[in-house]
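Novice: with the input below, show me the fold.
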Amino acid sequence: MALKSKHKVDPTFNMSSMTDVIFLLLIFFMLTSTVVDPMALPVNLPKSKSNTYSNPVIKVAITDDLQYFFNGDKVSRKVIEPMLRNEIGKTETPTVSLYIDKSVPTEHFVEIAGIATSLKAKVSIATTPDN
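Specialist: Residues are numbered from 1 along each chain as shown. You can find the predicted model right below:
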């Protein structure tokens, strides 16, 4: 006597649910990656009422303990000018954005801004919005 099961189990695996989950994760990571600031340095920026945004080509940061960063890489003060000269020469309309901690003495800010303007670059100061 042959017994037959009333409930047949389908041995195939449906991938559509897994594909949906992977697609949603991909969208999530794409959206959150645009929110992350690539210049995430420990710099306490001064506040400003202005909300003008520029898309800088070159980023220079000075932290409160006077460490210099050029496009996110830690460098010494001595190499800032040659690196600026090299990067400014590569672009048509160079823009240098300065991320200077508000506790840094003004002389360091003026020195870097002076170097950038002497190389014919636009200089912008990064600030946090004052709400």
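
Novice: what comes into contact with the longest helix along the chain?
Specialist: Taking DSSP state H as the criterion, the chain has its longest helix at helix 16-35. If you take C-beta atoms under 8 Å, 6 or more residues apart in numbering as the criterion, helix 16-35 is touched by no other residue. (Each C-beta comes from the backbone N, C-alpha and C, glycine too.)

Novice: same question for stretch 73-91.
Specialist: Stretch 73-91 is contacted by residues 57-58, 60, 67-71, 94, 96, 112, 115-116, 119-121 when judged by C-beta under 8 Å, 6+ apart.

Novice: for this structure, which segments count as helices?
Specialist: So, for the chain - with DSSP H - the helices run 16-35, 80-88, 106-118.

Novice: next, the buried residues of the second one.
Specialist: With burial defined by 16 or more other C-beta atoms under 10 Å, the residues of helix 80-88 counted as buried are 80, 83, 84, 87, 88.

Novice: thinking again about what came up before, looking at the helices of the chain, which is closest to residue 125?
Specialist: Among the helices of the chain, helix 106-118 comes nearest to residue 125, with 8.0 Å by C-beta to C-beta.

Novice: orientation of the closest one relative to helix 80-88 in degrees?
Specialist: Helix 106-118 and helix 80-88 are oriented at 40 degrees to each other (axes from the mean of the first three to the mean of the last three C-alpha atoms, to 10 degrees).

Novice: helix 106-118 packs against which elements?
Specialist: Packing contacts for helix 106-118, counted by 3 or more C-beta pairs under 8 Å, 6 or more residues apart in numbering; DSSP states H and E, involve strand 58-62, helix 80-88, strand 95-100, strand 122-125.

Novice: can you redo those as TSV with distance to residue 22 and mean pLDDT?
Specialist: Converted to TSV, the helices and strands packed on helix 106-118 look like this (distance: least, C-beta to C-beta, whole Å; pLDDT from 0 to 100):
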stretch	distance to residue 22	mean pLDDT
strand 58-62	34	89
helix 80-88	39	89
strand 95-100	37	88
strand 122-125	40	86
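
Novice: reformat those as CSV; add distance to residue 30.
Specialist: Compiled in CSV, the helices and strands packed on helix 106-118 are given as follows (distance: least, C-beta to C-beta, whole Å):
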stretch, distance to residue 30
strand 58-62, 23
helix 80-88, 28
strand 95-100, 25
strand 122-125, 28
